[in-house]
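3D model of this:
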Amino acid sequence: VAKIVGGQQHTATGAMVGTVAYMSPEQIRGTKVDERADIYSLGVMLYEMTAGRPPFEGDSAMTVMFKQVNDPPPDIQQFNAAVPDELRGIIFKALEKEPAQRFQSAAEMARALRGLKLLETAVTPPAPATAVAPPPVLPATAVKPPEKTVAPPTPATVAAAPPEPAPAAAAPPLRAPPAAEPPARSAPPPAAPAQKRGLPIVPLIGLAVVILGGVIVFGFLRNRGQDRAANATASQAALAALATTPAPTQAPATAAPTQPPATATTAPTAVPPTRAPSATPPPPTAAPTRTVPPTETVVPIPAGMVLIPPGRFEMGSATGQADERPVHPVSLTGFFLDKFEVTNGRYQRCVDAGQCQPPAQRGSFTRAAYFTAPDFADFPVIQVTWDQAVAFCTFEGKRLPTEAEWEYAARGGTERVFPWGDAFEPARVPATSRDTVAVGTLDNASPFGVLDMSGNVNEWVADWYARAYLAGPAENPLGPDRGARRVYRGGSFDNSDGAFYTTTRRYNQFPGFHDADVGFRCAQSLP
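Down below sits the predicted model:
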C-alpha cells in the first residue's frame, strides 16, 4: 500500500498512504518511487526482526518521517550484539537513503542473503509443534511411573527439547544396562551450548528470501492490472481499519508472556524442558520496556501540494550576492507547498468567486490574451501584486511561504546551487523561451518534488526585504517585522545566465509591483 506506480489512483485522492516507519525517503519527499522503495521497506523489517525495534521511532509521524529522510539508522549491534557483520552490512545497504546505493533488485538482495555463512552459529530448526517424538524404550530394570504422573508435552517444551530419534525399523531390542545405572526419566536433558541459543539467523534469512521472492513475483504481476478497482476498494477498507484500530499496548515487564505455538521456523530461547508435572520453569527474563510510537497510516496531503518534512539547513550563500549573506542555520517544522506555481485557471476561480482582483494586465510578453484564453489555463498567472497573491492563498485556505521555507523546499535541505544540483543546465529552465511555459513541463524538480522553483516566473514570498539576513530565531524565521519592499525568489525565462536561477538568489520590490515574469505559489501549515 505504500505506493502503486502508475497513472490510476488506487487509494484516497491527495493522501500519502503507508506506515511511516517503513516508508522510503523518496516516498516521503514525494519524488518518483520504484521497486527500490520496497527494498528499503524490507530493510526496515529485517532491522526490526533482528534488533527488536524499527530503526526510526518518534512521538509523531512527522518526527519519524524526518528521521527517515535525514538520520542514519542506529547501529543494529547496539541492540543485538549477536547480529553478524555480514548480515548487518546487507541490512544497512537496503537502508541507504539514495535508491542508487541500495540493492537494485529483490533478486540481488536475495543472492546476498543466501550467500551468508551463518550455519556454524545457527539454531537447528525445532520439530513441528504437532510432531511428538515416541518415548524411548525403557530399560528392563527401570520402573515406569503411572501414566497420570506424566504431563503431556506442550508445544513449547516439544519445540525447546532436542528431537528424540525414532527407533529404526528392524533394530534389535536394547539390552538392559546394569541395575546400578538406571536412567532417570524425570531428569532434564543437558542444556544446549550457549552459542546454540543465540540469534535465530537461518529462519530469519529464510523468511527474508521468501519475502524477496514475493517482491519478484509481484514485479511480474503488477503490470497485468487485474481487478484494480476491487483492489483499490479493499486497500482503502484495510487502511480505514488500521487507522481506527488502536495500537496494541505493550505488556508490563513483569507480566507472564503468552507462549505462541512453535513453528518450524521459530527458534525460541528455551528453558531446559522437564516432564515432571511438579516442576516450575524459572521466570522469563523481562525484556526492557520501550516507548511504542503511535501508529499512523495516512498522512492527508492537500490536492496539488507536496509534503515538505521538517529539517535543518544552511540558508544563504557565501559566494552569491551580498544580500544572500551571512549563511546561517535554520530549522523548520514540516509544511505543505504547492507542487506547481499558481496557474491562470486556478486564479480565475478566485476571481469568479469575487475573492480576487484580476491581474492588472491580461497579456504577457508575447500573448495578448494570456490570462483569459483557455489555451493558457495551465500557465503561471502573472501581473499580480503581493497583496493579490496573499488574497488568493487565503481564498484556498493557504498562505504565502516564508523565504526560509521557499529556499528549503528548493534546495531539499542541502547546499545545492540549483534545485537539480550544482551545475546550471539551461534545458531545465525556459532559458531560450520568450515567454512562460505550462507548469510542470520542465524537468527541474527539487529534491522534495516541487517543480519550477527555478525558472518560468519569479515567486512572491511572505517576508519583508532586508539587505542582509538579520540575527533572529533559528527556528521558523519570519524575516523583518516591517519594511518597504517584499521579497520574491526564483528566476523567470529568456535568460541564459545561470546566476539568475540559483536557489539563494533574492529579489525585492514594493508590494504593489507587478510584472510579466512575477507570480507565486502557496504554502499551508500542517494541522
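
show me the shaky parts of the stretch 51-200 of the chain.
Under the criterion pLDDT under 70, the flagged ranges of the stretch 51-200 of the chain are 118-200.

rerun at 80
Applying pLDDT under 80 to the stretch 51-200 of the chain flags residues 59-60, 117-200.

could you do the chain as well?
In the chain (pLDDT under 80), the answer is 1-18, 29-31, 59-60, 117-299, 471-472.

can you give me the helices in it?
Secondary structure of the chain (DSSP state H): helices located at 25-29, 35-51, 61-70, 85-94, 106-114, 155-160, 201-221, 228-244, 344-352, 386-395, 403-411.

tell me the buried residues in the fourth one?
The neighbour-count criterion (16 or more other CB atoms under 10 Å) identifies 87-88, 90-94 as the buried residues of helix 85-94. All C-beta atoms are positioned from the backbone trio N, CA, C, and that covers glycine.

that helix to helix 35-51, inter-axis angle?
140 degrees (axes from the mean of the first three to the mean of the last three CA atoms, to 10 degrees).

next one: the fifth one
For helix 106-114 against helix 35-51, the angle between stretch directions is 20 degrees (the same axes, to 10 degrees).

with the third one instead?
Here helix 61-70 runs at 110 degrees with respect to helix 35-51, directions being taken by the same axes, to 10 degrees.

redo the buried residues of helix 85-94 as a markdown table? Include distance to residue 71.
Listed next are these as a markdown table, based on distance: CB to CB, whole Å:
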| residue | distance to residue 71 |
| --- | --- |
| 87 | 21 |
| 88 | 17 |
| 90 | 20 |
| 91 | 16 |
| 92 | 13 |
| 93 | 17 |
| 94 | 16 |
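
ok, so of the residues you listed, who is nearest residue 73?
In terms of CB to CB, no member of the buried residues of helix 85-94 lies closer to residue 73 than residue 92, at 6.8 Å.

ok, now how distant is that closest one from residue 77?
11 Å (CB to CB, to the nearest Å).

what do you get for residue 98?
23 Å.

likewise for residue 473?
Taking CB to CB, one finds residue 473 at 39 Å from residue 77.

okay, these two: which has more neighbours?
residue 77 (14 against 9; other CB atoms under 10 Å).

close enough to count as contact, the more buried one and residue 89?
No - between residue 77 and residue 89 there is no contact under CB atoms under 8 Å: 11.3 Å.

span of stretch 51-69 from start to end?
The first and last residues of stretch 51-69 sit 21 Å apart, counting by CA to CA, to the nearest Å.

over to stretch 519-527?
26 Å.

how about residues contacting it?
For stretch 519-527, contacts defined as CB atoms under 8 Å, 6 or more residues apart in numbering pick out 62, 302, 305, 333-338, 340-342, 380-382, 384, 389, 392-393, 396-402, 405, 456-460, 488.

now do the strands in the protein.
15-17, 298-300, 305-308, 311-315, 328-332, 335-338, 458-464, 486-489, 506-509, 518-520, 523-525 (DSSP state E).

and the ones you listed, which is most packed in?
Most buried of the strands of the chain, by mean neighbour count (mean count of other CB atoms under 10 Å): strand 518-520, with a mean of 28.
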